[in-house]
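J.: Let's see this in three dimensions:
(chains A and B)
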Amino acid sequence: MTDSGTTAPGTAEPATERRSPLDAVHRAAGASFTDFAGWQMPVRYSSDLAEHHAVRTHSGIFDLSHMGEIVLLGPGSAAALDHALAGRLSAIAIGQAKYSLLLAEDGGIIDDLVVYRTGEDRFMVVANAANAGMVAEELRARAAGFDTFVSDESDDIALIALQGPDARAVILETPGFGVDGPGNDAEDFDASLDALKYYRAFPATFEGEPVLVARTGYTGEDGFELYLAPDRAPRLWEALRETGGPRVTPCGLASRDTLRLEAGMPLYGHELSRDILPVQAGLGRVVALDKVGDFVGRAAVERGPAADAPVLVGLTAEGRRAPRAGYAVFDGEGDDAREVGEITSGALSPTLGHPVAMAFVAPDAAEPGRGLYVDVRGTRVAASVVTPPFYQRTK
Amino acid sequence: MTDQTALQYTEEHEWVRQDGDTVTVGITDYAAEKLGDVVYVDLPAAGTAITAGSVVGEIESTKSVGELFAPVDGEVVEANQAVIDSPELVNSDPFGEGWLIKVTAASLPKLLSHDEYRALTGE
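T.: Now for the predicted structure:
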């Protein structure tokens, strides 16, 4: 048997790979590792299906310390980000988070980001691991001339995500949390967490050390992301696991990918790239064309893509054979069918039990309900165009 | 419990058990672990003639697709219906209930011993 996926059997782990501050914790837990953007990260601990289901039913804990964190500090930070990014970051309040895009001059997507406003003059930009260096470099270049200081703090910030319906209760039960500031007791923390809305964050402490508690995530479930110093991360990880017991399952990147796919969330390098304009990926709403002043990529976004440029759609199929990234999409079953696009991500949905995928297809093949065919290694598998998300939690 | 030392192995991480002229084929625990949760298997039907080294089936996990190579020349006599119905057997019992196909084969090519295979996987 050979494996055409990312985890080729017999492949030795290169010794030069970067390792998370939680590496020893993962090894003790028996995790399998994968190379992800130069990092050795857990792909699964035991079963990626069990980890996926755990997040949908109870909660899963993820190590996302490979993500990049770039901090802007100074009175010109908001204006710098308005110029550097596609969104209007000056409009968000302290404690608020916003999904945004870093665009190239030609409108192509350099990275997708979550930006937290952590003070009047302070923002934290969270970038994908593979792009973190480039994001820091671009932000530095674009912030020149603004009164702000850009620093890449990726090595000094670890990230633990707790995602799923039990996440909130587990954090509330975990001893050691306090709010950052006067008082600093557990009751204040509980009140702050209770009041925390989606895409909001507040500065807290865990065992006396700072942790930013954010109600954000990438799984389609309610959940939290906890940013803290790397040397504190193992202690927080263990505390959440000890408190949560069977309600907290360690989860690897394999389940993270199927969870985000079911939730219809794009992944950079699959749905998003330098060759894609935001509107093609359904992210037109992320670009604030009504904001005052110029920003990088504005002219290209205003021109828009060519009329026949492919657009991102969801696909669902029956059976169990999943379309996967790179597979060709056709408008018919026969040899005379036209190739209309390509799969960007696909999996047999663990929650739904049938294949789901995302694909870039020609605009005239993109209407919901349209029947298309995916070439699954030589077999044409029927699929229907749908509008993601494939899965939505009941609130 | 299958005695893994009594099996022969291929460099494609398959195991082979010879009982007279019938050969049973599966994938190793190492391969199952690397694939992750198996969610679909496509196996050759009984009666299919197979040639050593050719791709005769697929083993799909949530993350990737593995190819099943024929380890021997022969004819498929049975595909494991239990695994087709419950692909997770490949993960839970790769050397036992997770077997994939039975083949009639006149002779076996040179395969790896248990020790040679474990040396290959570094375990």
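J.: And the residue of chain B closest to chain A?
T.: residue B:64 (2.1 Å; CB to the nearest CB). C-beta coordinates here come from the backbone N, C-alpha and C atoms, glycine included.
J.: Ramachandran angles for that residue?
T.: phi -160, psi 180 (degrees, to the nearest 10).
J.: The residue lying farthest from the centre of chain A in helix, strand or coil?
T.: For chain A, the residue at maximal distance from the C-alpha centroid (CA atoms, centre = their mean) is residue A:336, at 38.7 Å. Here residue A:336 is recorded as coil under DSSP: H, G, I helix; E, B strand; the rest coil.
J.: Check what pLDDT it gets.
T.: According to the prediction, residue A:336 has pLDDT 94.
J.: same deal with the one 10 residues further on?
T.: Residue A:346 is assigned 98 on the pLDDT scale.
J.: Am I right that it falls within a strand?
T.: Yes - checked against three-state DSSP, residue A:346 lies within a strand.
J.: any idea how far residue A:92 is from the nearest residue to residue A:340 once chain neighbours are set aside?
T.: Leaving aside its sequence neighbours, residue A:340 sits nearest to residue A:365 (CB to CB, 6 or more residues apart in numbering or on different chains; 4.2 Å). The gap separating residue A:365 from residue A:92 is 37 Å, by CB to CB, to the nearest Å.
J.: what do you get for residue A:219?
T.: Residue A:219 sits at a distance of 23 Å from residue A:92 (criterion: CB to CB).
J.: more crowded one of the two?
T.: The residue with more neighbours, out of residue A:219 and residue A:92, is residue A:219; 27 against 20, by other CB atoms under 10 Å in any protein chain shown.
J.: Do you have the helices of chain B handy? List them.
T.: B:29-35, B:81-85, B:89-92, B:114-121 (DSSP state H).
J.: Can you name the residues that contact residue B:80?
T.: The contact partners of residue B:80, by CB atoms under 8 Å, 6 or more residues apart in numbering or on different chains, come to B:43, B:89, B:98, B:99, B:100, B:101.
J.: show me the contacts for the residue lying closest to residue B:43 once chain neighbours are set aside.
T.: The shortest distance from residue B:43 to any non-neighbouring residue, by CB to CB, 6+ apart, is to residue B:79 (3.9 Å). With contact taken as CB under 8 Å, 6+ apart, residue B:79 is in contact with B:43, B:44, B:45, B:46, B:100, B:101.
J.: Burial check on the third one, number of neighbours?
T.: Counted by other CB under 10 Å, the residues lying close to residue B:45 total 9.
J.: On the pLDDT front, check it for me.
T.: Value for residue B:45, per-residue pLDDT: 96.
J.: Could you say whether residue A:301 sits in a helix, a strand or coil?
T.: Going by three-state DSSP: residue A:301 is helix.
J.: Could you check what's spatially nearest to it, not counting adjacent residues?
T.: residue A:107 (4.8 Å).
J.: Where does that neighbour sit, in terms of helix or strand?
T.: Of the helices and strands defined by DSSP states H and E, none includes residue A:107.
J.: Now do the contacts for it.
T.: Contacts of residue A:107 (CB under 8 Å, 6+ apart): A:277, A:278, A:297, A:300, A:301, A:303, A:305.
J.: can you map out the strands along the stretch 151-300 of chain A?
T.: A:158-163, A:177-179, A:201-206, A:209-214, A:223-228, A:249-250 (DSSP state E, counting those that start in this stretch).
J.: Pick out the shakiest of those, pLDDT-wise.
T.: Among the strands of the stretch 151-300 of chain A, strand A:177-179 carries the lowest mean pLDDT, a mean of 92.
J.: ok, now which ones touch the closest residue to chain B within the stretch 101-250 of chain A?
T.: In the stretch 101-250 of chain A, no residue comes nearer to chain B than residue A:249, which is 14.1 Å away by CB to the nearest CB. The contact partners of residue A:249, by CB under 8 Å, 6+ apart, come to A:45, A:50, A:51, A:54, A:55, A:58, A:59, A:60, A:61.
J.: so what's the residue sitting nearest the centre point of chain B bridging to?
T.: Nearest to the geometric centre of chain B sits residue B:26, at 2.0 Å (CA atoms, centre = their mean). Under DSSP bridges, the beta-bridge partners of residue B:26 are residue B:15.
J.: Write out the residues of the stretch 201-350 of chain A neighbouring chain B.
T.: Residues of the stretch 201-350 of chain A lying near chain B by CB under 8 Å from any CB of the partner chain: A:254, A:257, A:258, A:320, A:321, A:322, A:324, A:347, A:348, A:350.
J.: The second one and residue B:53, how far apart?
T.: So that's residue A:257. Residue A:257 sits 32 Å away from residue B:53, going by CB to CB.
J.: ok, these two, which is more surrounded?
T.: Neighbour tally, residue A:257 and residue B:53, criterion other CB under 10 Å: the higher count belongs to residue A:257, 20 against 14.
J.: Looks like the more buried one contacts residue A:346 (just checking).
T.: No - in this structure residue A:257 lies outside contact range of residue A:346 using CB atoms under 8 Å: 10.6 Å.
J.: Quick check, the residue in the stretch 151-300 of chain A closest to chain B?
T.: residue A:254 (5.0 Å).
J.: can you tell me which residues contact that residue?
T.: A:43, A:44, A:48, A:51, B:36, B:62, B:63.
J.: which intervals of the chain have sub-threshold pLDDT?
T.: Since you didn't name a chain, this refers to chain A. Across chain A, residues meeting the criterion (pLDDT under 70) sit at A:1-16, A:183-184.
J.: that answer is for a different chain, and I need it for chain B
T.: For chain B (pLDDT under 70), the answer is B:1, B:123.
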